[in-house]
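**Student:** Quick one: sequence plus predicted model below, questions after.
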Amino acid sequence: MKRVLGILSIGLIIIVAASCTKQWDEHYNVYPETVDQNVWDVIQSDPQFSSFVKIVKEAKFDTLLTSKHSEAADSVYTIFAPTNAAISEYIGIKEFSNVVLAYHFCSHFINISSIQGKRQIQTLTEKFALFERKGTVVTIDGIKVAAESPLYRNGKFFTMDKVIEPLPNLYEYYEFTNPVLTKYIDTQDTLILDKEKSKPLGFDEDGNTVYDTVAIIANKFEMKYFPVSEEFRTLSSTIVFPKEEDYRDALDVMAQSLGGTYQSYRDIPVEWQEKILIPHILSQGVFLNRLEPEEFVWESPKDTLKLLNVLGDSVVINYVPTDKAICSNGYAYNYETYIIPDSLYNGGIKHEGERLLTKKGLNKFAWHDSVSVKTDISLVPMQELIQGASNDSIIRVSFPKGYKGKFSVEFKTPKLFPRRYVMVVSTHMDIGGIYDIYVNDKLAKTFDYYAYVTGRGIINSVTGVRYTPRGRFNKFDMWVENIDVYGSAKVKFDYKGPSTVASNGFVIDYVEFIPAPKK
């Protein structure tokens, strides 16, 4: 029995040894041969790198590889060595500066066989180069590697048939291709509390912590979307944003559609671009990681391609990205065809009623500071959750029975383009009164909520359509023809007295401005 066990043990040892040898061979056969030489001596001895050697010596970069320190175990370099032909082609157009030279050195060892897909490699410029392997093809910033050397005592090198240049980060790239975006990013600087340096002093009357404040500058764009001006080893982004010429062409089309005083991109307010247009483009075109063009392609014309943007929202990709640019912290794309959705400027502008209020506590509300309210008695506004209402909530102010005193609410809408509008008011049919409604201090309509009673819930629009009830909610509207410049409209509801309805008061679900055809 012992003899049988011994034979089995010997057999197992032989099998394990054979297996280990196979794994050892497979592991080391994928690595270039290791040579006990200084990598710089090898490069100097190869005539195809003589121009590169000269540039390195003139810049005294060779001391990195020839000093005693460079022979230490922790001083290993990977060199992207351009050939004489590559340098000759480059210096015929540009200067081979020390910054460009430093971009050809990495202070760590890079082995092709250990890299699958993409990896960002930090160079001596502290900028990152994109190292990518697809099968047997290896590229650095999209430039193909011609050959890989063995591993020498203090590093290795890759033969490059083209000079590689430090890439711009996404912020730097858009500085050149569309400064509209970088100017927008710059406007997003803000002061925020640095909690690590700020000391808590106590609490205010609402229970909020009060700090001995130390403020720092932060950028709201980079906090929300991606830190485009910074570079990382593992973090990257893809941004699809139109180049300046395409962006302006799209604004030209928009201006001609608006007509009137709008003739070209120069007439479209910058404020509208920064508050409406640019955030819309960003919501549709900023993603984490580097996305390749094929990831934007629909599988078939009948499919709908959706991608998660950097905010975690699912967005429909209804455009074709083109002109991929490799940046040090991501990819930048242009649009194949960029058109501004007319819904951004020809659609309705809805002002939710609850925006007129501010929350003071549990079920406690007050008028927002921007709202002007005049009344003879104390009237408390409430926000009520109503299923089916716009944004599932309304504002309500209840009046005493038969109230004949003063009550008016005045507020400003979101910014509107100058044109003719239908102003729609969504409200409750049983709660109201008689109101004069003003827009920019001009009477637009006097409305008596008793009209819901006489019309059996049906209200005729000024456009000829009929508004029908949704439960006990309905709408009425009016023409607005005195918005002459881009900006907020001033809306005022002025109570004139009670009406023959169940309860007098003030209820607003929303107010909407819908562009209307010219007369």
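**Tutor:** Everything's here; your move. What you are looking at is a predicted structure, and each value in this text was computed from that prediction instead of being measured.

**Student:** ok, and the closest non-adjacent residue to K442?
**Tutor:** N482 (5.2 Å; Cβ to Cβ, 6 or more residues apart in numbering). (Each C-beta comes from the backbone N, C-alpha and C, glycine too.)

**Student:** Tell me where the protein has helices.
**Tutor:** Assigned by DSSP state H, the chain shows helices spanning 2-29, 39-45, 50-58, 63-66, 84-91, 98-102, 170-177, 179-186, 220-224, 244-258, 270-272, 278-285, 343-346, 451-454.

**Student:** Quick one: mean pLDDT for the fifth one?
**Tutor:** Same thing as helix 84-91. Computed over helix 84-91, the mean pLDDT rounds to 96.

**Student:** residues of it that come out buried?
**Tutor:** For helix 84-91, burial by neighbour count (16 or more other Cβ atoms under 10 Å) applies to A86, I87, Y90.

**Student:** That one: how far from the chain's middle?
**Tutor:** The chain centre lies 39 Å from the centre of helix 84-91; the measure is Cα atoms, centre = their mean, to the nearest Å.

**Student:** any idea of the angle it forms with helix 50-58?
**Tutor:** Relative orientation of helix 84-91 versus helix 50-58 (axes from the mean of the first three to the mean of the last three Cα atoms, to 10 degrees): 70 degrees.

**Student:** tell me what helix 84-91 is packed against?
**Tutor:** Applying 3 or more Cβ pairs under 8 Å, 6 or more residues apart in numbering; DSSP states H and E, we find helix 84-91 packed against helix 50-58.

**Student:** now do 10 Å
**Tutor:** helix 50-58, strand 77-82, strand 155-160 (3 or more Cβ pairs under 10 Å, 6 or more residues apart in numbering; DSSP states H and E).

**Student:** So what touches it?
**Tutor:** 47-55, 81-83, 96, 100, 143, 146, 159-165 (Cβ atoms under 10 Å, 6 or more residues apart in numbering).

**Student:** How many neighbouring residues does the residue nearest to Q116 when sequence neighbours are not counted have?
**Tutor:** Spatially, and ignoring its direct neighbours in sequence, Q116 is nearest to R133 (6.3 Å; Cβ to Cβ, 6+ apart). Using other Cβ atoms under 10 Å, R133 has 17 other residues around it.

**Student:** which stretches of this structure have low pLDDT?
**Tutor:** Counting by pLDDT under 70, the ranges of the chain that qualify are 1-32, 67-74, 191-202, 204-207, 209-216.

**Student:** just the buried members of the contacts of helix 84-91?
**Tutor:** Buried, going by 16+ other Cβ under 10 Å: 49, 51-53, 55, 81-83, 96, 100, 143, 159-160, 162-165, out of the contacts of helix 84-91.

**Student:** OK, contacts around N334?
**Tutor:** N334 touches 177-178, 240-243, 245-247, 320-325, counting by Cβ under 10 Å, 6+ apart.

**Student:** S283 - how many residues pack around it?
**Tutor:** 14.

**Student:** Distance-wise, check it relative to I239.
**Tutor:** Distance from S283 to I239, counting by Cβ to Cβ, to the nearest Å: 12 Å.

**Student:** joint contacts of those two?
**Tutor:** Common neighbours of S283 and I239 (Cβ under 10 Å, 6+ apart) are Y225, V310.

**Student:** circling back: point out the most buried one among the helices of the chain.
**Tutor:** Among these, helix 170-177 has the highest mean neighbour count (mean count of other Cβ atoms under 10 Å), at a mean of 21.

**Student:** How far off centre is that one?
**Tutor:** Worked out by Cα atoms, centre = their mean, helix 170-177 lies 15 Å from the chain centre.

**Student:** any idea of the angle it forms with helix 244-258?
**Tutor:** 70 degrees.

**Student:** Just the CA coordinates for helix 170-177, please, in PDB.
**Tutor:** Presented in PDB, the C-alpha positions along helix 170-177 are these (Å, rounded to 0.1, in the frame of the first residue of the first chain):
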ATOM      1  CA  LEU A 170     -10.900  68.600 -22.500                       C
ATOM      2  CA  TYR A 171     -11.000  72.100 -21.200                       C
ATOM      3  CA  GLU A 172      -7.900  73.100 -23.300                       C
ATOM      4  CA  TYR A 173      -9.400  71.400 -26.400                       C
ATOM      5  CA  TYR A 174     -12.600  73.300 -26.300                       C
ATOM      6  CA  GLU A 175     -10.700  76.600 -25.700                       C
ATOM      7  CA  PHE A 176      -9.600  76.200 -29.300                       C
ATOM      8  CA  THR A 177     -12.600  74.500 -30.900                       C
END
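
**Student:** re earlier: what's the ChimeraX line that selects buried ones from the contacts of N334?
**Tutor:** Buried subset of the contacts of N334, written as a ChimeraX selection, criterion 16+ other Cβ under 10 Å:
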select :177,178,240,241,242,243,246,247,321,324,325
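
**Student:** From D303, how far out is the closest residue to L308 other than its chain neighbours?
**Tutor:** Counting by Cβ to Cβ, 6+ apart, L308 lies nearest to S314, which is 5.9 Å off, once chain neighbours are set aside. Counting by Cβ to Cβ, the separation of S314 from D303 is 14 Å.

**Student:** and V501, how many neighbours?
**Tutor:** So V501, with other Cβ under 10 Å, has 20 neighbours.

**Student:** mind listing what the residue nearest to it when sequence neighbours are not counted touches?
**Tutor:** Nearest non-adjacent residue to V501, counting by Cβ to Cβ, 6+ apart: Y449, 4.8 Å away. Counting by Cβ under 10 Å, 6+ apart, Y449 touches 427-435, 476, 498-505, 507.

**Student:** Tell me the spacing between I43 and K445.
**Tutor:** For I43 relative to K445 (Cβ to Cβ), the value is 83 Å.
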